[in-house]
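A.B. asks: Have a look at this prediction, sequence included:
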Amino acid sequence: MRVRSAGVCHTDLHIIRGDIPFPTPAVLGHEVAGIVEEVGEGVTDLRPGDRVVGTFIIPCGRCFYCRVGREDLCENFYRYNRLQGLYYDGDTRLRDKMGNKIYMYSMASHAELSVIPETAVFKLPDGMPLEISAVIGCALLTAYGACKNASLKPSETVAVFGVGGVGSSIVQIASKVFRTKVIAVDIVNSKLEHARSLGADFTINSLNEDPIKKILEITDGRGVDASFEAVGLPITIDQAIRSVRAGGRAVIIGLSTKEAVASFQINYLVRRGIQLIGSYGARPRIDVPEILDLISRKIIDIASIAVHRFKLEEINEALEKLEKGEIKGRAVINP
């Protein structure tokens, strides 16, 4: 595939910092949209010239979890790609000039060309812009999966802790697709303003006020029906749990460092019957067609997610701005 857009995600920063172990040298980039240049033996649904998007989860299609419809838990994806930077034949598709292996984080889309298994490639509808469609593959996929895992219902109220690329996508999907009221929580005012433009009914800057106290005030003392934690910090995980009403759901999405541990009050969780849900991405071959349909019907606006665009040679600048909290939504690389 010739890459036309690739996302820049906080997970990329985790790998660069060494927070999450990954073999090096490696090419990062786990969101991609582009044009098919060649297809391998046995590929029947794609042909050169097709406009496509790829997902960060690359289902093997063979393991127990893929067979029971839980591609988000694909054991071969975790074993081969996330732990070893390889594809399912035990090899990478990248080499340096000396023939040494270069490892791949998902499809390694921070490049001009990318090789990706067909189980994670989907044709884009006509008119969907390649230059920003990469965000479908992680930011939107993860947000959509989280909202489905939370079993959201119309008229419910939800809180989103952290409104970066994934969190801001949750704001949009929860409000426009699932028709819930949304409370956005962050420490950067520009991100909170962006969240309002995406459908947030209330915003809270947790540097200036206690988010739990404010959420209880907004919800008449009960708490929200569901909360989403998209940061990966112990403090925000605790806040997400304590913001939920009795019988509600706390959905944890944000990745953290390898050794990070979060804690919560056991009696609070038990006595209030709070459901604690881990959510990693979504099921590509089930959920991506639904997402593409929602975009085609203008219910989801991907342009409001892919706010910042950089050239490939400007990727370090994009990562620096992301680390400083200066990116609203998602930064996209256009080789």
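C.D. replies: Thanks, I have it. Numbers count the residues shown, from 1 in each chain.
A.B. asks: Could you chop this structure up by domain?
C.D. replies: 2-138+282-334, 140-278 (automatic domain parsing).
A.B. asks: most packed of those?
C.D. replies: Burial of these is given as mean neighbour count (mean count of other CB atoms under 10 Å); domain 140-278 ranks first at a mean of 20. The C-beta positions use only the backbone N, C-alpha and C, and glycine is treated the same way.
A.B. asks: Tell me how far that domain lies from the chain's centre.
C.D. replies: On the basis of CA atoms, centre = their mean, to the nearest Å, domain 140-278 is displaced by 15 Å from the centre of the chain it belongs to.
A.B. asks: Give me the mean pLDDT for it.
C.D. replies: Domain 140-278 comes out with an average pLDDT of 96.
A.B. asks: Look up phi and psi at Ser227.
C.D. replies: Main-chain dihedrals, Ser227, degrees, to the nearest 10: phi -130, psi 150.
A.B. asks: Mind pulling up the pLDDT for Ile333?
C.D. replies: At Ile333, pLDDT is 97.
A.B. asks: Quick check: beta-bridge partners of it?
C.D. replies: Ala6, Phe310 (DSSP bridges).
A.B. asks: ok, it - contacts?
C.D. replies: By CB atoms under 8 Å, 6 or more residues apart in numbering, the contact list for Ile333 reads 5-8, 29, 110, 309-312, 314-315, 318.
A.B. asks: Those residues into CSV, with extra columns for distance to Arg245?
C.D. replies: Output for these, formatted as CSV (distance: CB to CB, whole Å):
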residue, distance to Arg245
Ser5, 39
Ala6, 39
Gly7, 34
Val8, 36
Gly29, 39
His110, 42
Arg309, 40
Phe310, 41
Lys311, 46
Leu312, 46
Glu314, 45
Ile315, 42
Ala318, 39
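A.B. asks: Out of the residues you listed, which comes closest to Leu233?
C.D. replies: Proximity of these to Leu233, judged by CB to CB, is greatest for Val8, which lies at 20.1 Å.
A.B. asks: Just to check, the closest one is in contact with Glu317?
C.D. replies: No: the pair Val8 / Glu317 is not scored as a contact, 10.1 Å apart, by CB atoms under 8 Å.
A.B. asks: Give me the common contacts of those two.
C.D. replies: Residues touching both Val8 and Glu317 (CB under 8 Å, 6+ apart): Phe310.
A.B. asks: Can you show me the helices along the stretch 51-200 of the chain?
C.D. replies: Per DSSP state H, counting those that start in this stretch, the stretch 51-200 of the chain carries helices over the ranges 64-67, 75-76, 83-84, 139-149, 165-176, 189-198.
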